[in-house]
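Peer 1: got a predicted structure here, sequence first:
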Amino acid sequence: MTSPLTQLPAEIEAGLRAGRVVPYLGPGMLSLVPQYAVPGTPEALVALLTAKVSVPHKIRSRLTQAAQFIENFKHRKTVVDLMNNAFAAAPSASPLHAWLASLNLPLIVDTWYDEAMSTALHEAGVKWGEVQGLSQSEHFGSWTGWYDRDGNPLPDRAPDWATLLYKPIGSTSPAGNYLVSDSDYVEVLTEIDIQTPIPQEVQALRSGRSFLFLGCRFNDQLTRSFARQIMKRSSDRHWALLPDEPTRMEAKFLAEQNITRIALPLDSLAAVSAQAA
């Protein structure tokens, strides 16, 4: 399959092919999969949740606060059911997802709840499995859940996996694991500085590697906190596709983490992927 990275520095593709660059995917990747009808932004997701359950007006557009209100007044099970419904559409993947899946990358980080990347890995026929972040309200004392490519739970990573998919805030499949409410994030952020919620396997695989951020924004403290901690003790050089002018806090974060901004739209890569598919 032809590389979609022709407009990017050659060292990025070389690093991906050599396993030295880790793709770090955000919800913006779903803009490449229009036939996969699930929410592709926190704003779209909270709109779905609050359309089903009434929440105070002042938090209607704030995902974690709205989810916490629903959890407090309608029970955690209601939150999980709403999330399952929001992401219930049959999954699909873009050519860019498929290209990444074809590389047998040691590690892919995916920071949204959808199944596009796991679908691409499954369709590529590679040996892979995933590890997901778990809510302490449902799995007290366990920070992560491991699953093989068919969704079967495992105690740990299988030795024959070529690719590990890390879903730090959970996923709709196979078990409806979600970090989404304020309390979910408070529990994780309390420990993430000392890396407890991040699997040892992920910590080992990130060592010395660079990150390529695709479909991510850093205009929220939570996304910055997760990225900062997941990148800890990795390489000192990274890249992010960020076509829009960064906010002041985004620019500060990029400089702090030595992330080079590439001012290209994500669909510029997708177009090449589609032609190559």
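Peer 2: Nice, I can see it. What you are looking at is a predicted structure, and each value in this text was computed from that prediction instead of being measured.
Peer 1: only C-alpha atoms from now on, for both contacts and neighbour counts.
Peer 2: OK.
Peer 1: just give me the residue right at the centre of the protein.
Peer 2: Nearest to the mean C-alpha position of the chain, by CA atoms, centre = their mean, lies T111 at 1.5 Å.
Peer 1: could you report the distance from it to I169?
Peer 2: 6 Å (CA to CA, to the nearest Å).
Peer 1: what do you get for Q203?
Peer 2: For Q203 relative to I169 (CA to CA), the value is 16 Å.
Peer 1: who has more neighbours out of these two?
Peer 2: Each of Q203 and I169 has its neighbours counted (other CA atoms under 10 Å); I169 has more, 22 against 16.
Peer 1: who touches that one in this structure?
Peer 2: Going by CA atoms under 8 Å, 6 or more residues apart in numbering, I169 touches T111, W112, Y113, Q132, G133, L134, N177, Y178, L179, V180.
Peer 1: so which of those wins on neighbours?
Peer 2: That'd be Y113 among the contacts of I169, by other CA under 10 Å, with 28 neighbours.
Peer 1: tell me the SS of that residue?
Peer 2: coil (DSSP: H, G, I helix; E, B strand; the rest coil).
Peer 1: quick one: contacts for T163?
Peer 2: N104, L105, P106, L107, I108, V126, K127, W128, G129.
Peer 1: what segments of the chain are helices?
Peer 2: 10-17, 42-52, 63-74, 76-86, 95-101, 116-124, 182-192, 200-206, 221-231, 248-256, 266-276 (DSSP state H).
Peer 1: any chance of the ones you listed in a markdown table, with distance to D160 too?
Peer 2: Shown next, in a markdown table, are the helices of the chain (distance: least, CA to CA, whole Å):
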| stretch | distance to D160 |
| --- | --- |
| helix 10-17 | 19 |
| helix 42-52 | 35 |
| helix 63-74 | 37 |
| helix 76-86 | 30 |
| helix 95-101 | 16 |
| helix 116-124 | 15 |
| helix 182-192 | 28 |
| helix 200-206 | 14 |
| helix 221-231 | 24 |
| helix 248-256 | 35 |
| helix 266-276 | 28 |
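Peer 1: can you list these in CSV and add mean pLDDT and distance to S3?
Peer 2: Formatted as CSV, those follow (pLDDT from 0 to 100; distance: least, CA to CA, whole Å):
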stretch, mean pLDDT, distance to S3
helix 10-17, 92, 8
helix 42-52, 97, 30
helix 63-74, 96, 36
helix 76-86, 97, 32
helix 95-101, 94, 7
helix 116-124, 97, 16
helix 182-192, 93, 35
helix 200-206, 97, 23
helix 221-231, 95, 25
helix 248-256, 97, 26
helix 266-276, 64, 7
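Peer 1: most tightly packed of the ones you listed?
Peer 2: Among the helices of the chain, the stretch with the highest mean neighbour count (mean count of other CA atoms under 10 Å) is helix 95-101, at a mean of 23.
Peer 1: what is it packed up against?
Peer 2: helix 116-124, helix 266-276 (3 or more CA pairs under 8 Å, 6 or more residues apart in numbering; DSSP states H and E).
Peer 1: export the contacts of T163 to TSV and tack on neighbour count and pLDDT?
Peer 2: Listed next are these as TSV, based on neighbours: other CA atoms under 10 Å; pLDDT from 0 to 100:
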residue	neighbour count	pLDDT
N104	22	95
L105	22	97
P106	20	98
L107	24	98
I108	26	98
V126	18	93
K127	17	96
W128	26	98
G129	26	98
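Peer 1: out of the residues you listed, which is nearest to V46?
Peer 2: Among the contacts of T163, I108 lies closest to V46 (CA to CA), at 25.9 Å.
Peer 1: any idea how far G19 is from the closest one?
Peer 2: I108 is 10 Å from G19, by CA to CA.
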